[in-house]
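>>> Fold the following for me, if possible:
(chains A and B)
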Amino acid sequence: QVQLEQSGAEVKKPGASVRVSCKASGYIFSNFGFTWVRQGPGQGLEWIGWISVYNGNANYAPKFKDRVVMTTDKSSDTAYMELWSLTSDDTAVYFCARDKVYSSSHPDYWGQGTLVTVSS
Amino acid sequence: DIRMTQSPSSLSASVGDRVTITCQAGQDISHFLNWYQQKPGKAPQLLIYDASNLEDGVPSRFSGYGSGTHFTLIISGLQPEDIGTYYCQQFGLLPCTFGQGTKLEI
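Prediction:
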């Protein structure tokens, strides 16, 4: 069965960077992409971006494009999202989701979420 | 960015009720809209894709309609396990954007 297992909670200081991992299993990794979404405390959902595992193409929301990078590792079936220059506004739960290989349009399986806390 | 506006922001209904949630897009997005359910402390779950297609494994009491700028999610025969927050999301134009959510209580 399809499973996405995300890395554990992180506590970071302002200005630092964080990398969240998302290990996939139960399907052919290269046939899909990943969408990343975050949710601040008591807030709604916010789309961060998407990456294709097949060719590495990525699309980032303009709000994040200068300080985010998404990557995938086919040798370990793992997707990564790194965000830097963190501020308290980045405190949120970050989700990865399996998506289509050519677009962010059908996130059908989701990871459990990773809480990132930014605090001095 | 395309603004997605959901209504109502919250609602309370009874078991067996027909529940309707609406989502208005700031511009024409054709049928490029998804609906999600999220329970507290859990990841969102895709319910409806491409405005009107039921995701595998989702009960048939959920249905979606609409195109262009106006969309609706209908729950026909509300069940206790349907409590949670519902979000619409457009993917017709990047960046993808979500509605602010509709909290459903029994």
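>>> thought B:Val15 was touching B:Glu81?
No. Applying CB atoms under 8 Å, one finds B:Val15 not in contact with B:Glu81, separated by 10.3 Å. Where you see a C-beta, it was placed from the backbone N, CA and C, and this is true even at glycine.
>>> for chain B, what spans make up the strands?
Taking DSSP state E as the test, the strands found in chain B are B:4-7, B:10-12, B:18-25, B:33-38, B:45-49, B:53-54, B:62-67, B:70-76, B:84-90, B:97-98, B:102-105.
>>> so which of these comes closest to A:Ser85?
strand B:97-98 (22.9 Å; CB to CB).
>>> What parts of chain B come near chain A?
B:1, B:32, B:34, B:36, B:38, B:43-46, B:49, B:55-56, B:87, B:89, B:91, B:94-101 (CB under 8 Å from any CB of the partner chain).
>>> Contacts only, for the residue most central in space within chain B.
Geometric centre of chain B, nearest residue: B:Trp35, 3.7 Å, by CA atoms, centre = their mean. Counting by CB atoms under 8 Å, 6 or more residues apart in numbering or on different chains, B:Trp35 touches B:23, B:46-48, B:62, B:64, B:73, B:86-89.
>>> Could you list everything it pairs with in the sheet?
B:Ile48, B:Cys88 (DSSP bridges).
>>> and it, how far is that from chain A?
12 Å (CB to the nearest CB, to the nearest Å).
>>> per-residue pLDDT, that residue?
We have a pLDDT of 98 for B:Trp35.
>>> Using a markdown table, lay out the strands of chain B together with distance to A:Asp77.
As requested, the strands of chain B are exported to a markdown table (distance: least, CB to CB, whole Å):
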| stretch | distance to A:Asp77 |
| --- | --- |
| strand B:4-7 | 33 |
| strand B:10-12 | 40 |
| strand B:18-25 | 34 |
| strand B:33-38 | 25 |
| strand B:45-49 | 21 |
| strand B:53-54 | 28 |
| strand B:62-67 | 31 |
| strand B:70-76 | 33 |
| strand B:84-90 | 26 |
| strand B:97-98 | 28 |
| strand B:102-105 | 35 |
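>>> Out of the ones you listed, the one nearest A:Gly113 is which?
Per CB to CB, nearest to A:Gly113 of the strands of chain B: strand B:33-38, 10.6 Å.
>>> Next, the buried residues of stretch A:76-92.
Buried residues in stretch A:76-92, counted by 16 or more other CB atoms under 10 Å in any protein chain shown: A:77-81, A:83, A:86, A:90-92.
>>> And those, which is closest to chain B?
A:Ala92 (13.2 Å; CB to the nearest CB).
>>> contacting residues around that closest one?
Contacts for A:Ala92 (CB under 8 Å, 6+ apart) come out as A:38-41, A:43, A:46, A:115-116.
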